[in-house]
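Asker: Give me coordinates for this.
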Amino acid sequence: MKRPVSTPPESVPPRQPKSSFLGSLRVALGGAFIVLRTERNAQIEGVIALLAVGLGLWLGISGPEWAVIFALIALVLGLEMVNTAIEATVDLAHPGLHPLAKKAKDSAAGAVVVAAIASLAVGLVIFLPRLWPVVMEWLNS
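Answerer: Next up, the predicted model:
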């Protein structure tokens with residue numbers, strides 16, 4: 001039986017010391033801000049999230065409705081960040097075109113789209129009943 005070839009010690013990076021919780025949080029938030037600064041879709045989703053929050057404040061939605069809105073905002077933006085990470089990793093691992101690379105990238109993007117469509121539907125359910133009378137009053141005045 002053949003023994004597996006081990007990696008030469010000089011190619012193994014040294015272990016990093018454990019970082020503190022706050023240090024890890026700072027790095028994670030930095031990653032989130034990088035995505036929000038550099039990815040057009042994340043910026044669009046961020047603006048839509050701010051509009052939803054503004055609309056919720058204006059319409060006075062309930063506590064449970066706020067919980068749903070914030071959960072969906074976190075879901076869409078979180079999936080956008082995962083999508084960005086998958087795309088970057090695939091590009092790094094296989095810069096050329098490959099069917100599996102396309103499948104990975106398209107699937108990740110599809111997850112964001114599914115969450116965004118569901119968020120839109122939930123937003124309509126929460127906001128439309130409150131917004132409709134306001135719009136009708138404005139149109140009739």
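
Asker: Need the three-state assignment for Asn15.
Answerer: Slight slip there: residue 15 is Arg, not Asn. What DSSP: H, G, I helix; E, B strand; the rest coil gives for Arg15 is coil.

Asker: State the pLDDT value of it.
Answerer: Predicted confidence (pLDDT) for Arg15: 71.

Asker: Could you do Val135 as well?
Answerer: pLDDT, Val135: 89.

Asker: where's it, which helix or strand?
Answerer: In the assignment (DSSP states H and E), Val135 maps to helix 99-140.

Asker: which helices and strands does that helix pack with?
Answerer: The helices and strands touching helix 99-140, judged by 3 or more Cβ pairs under 8 Å, 6 or more residues apart in numbering; DSSP states H and E, are helix 40-59, helix 63-93. The way it works is simple: take the backbone N, C-alpha and C, and place the C-beta from them, glycine included.

Asker: and the last one, what other elements does it pack with?
Answerer: Okay, so that is helix 63-93. Using 3+ Cβ pairs under 8 Å, 6+ apart, helix 63-93 is in contact with helix 21-38, helix 40-59, helix 99-140.

Asker: so which of those gets nearest Val68?
Answerer: helix 99-140 (6.2 Å; Cβ to Cβ).

Asker: Mean neighbour count and distance to Asp106 added to the helices and strands packed on helix 99-140, as TSV?
Answerer: Listed next are the helices and strands packed on helix 99-140 as TSV, based on neighbours: other Cβ atoms under 10 Å; distance: least, Cβ to Cβ, whole Å:
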stretch	mean neighbour count	distance to Asp106
helix 40-59	15	14
helix 63-93	16	10
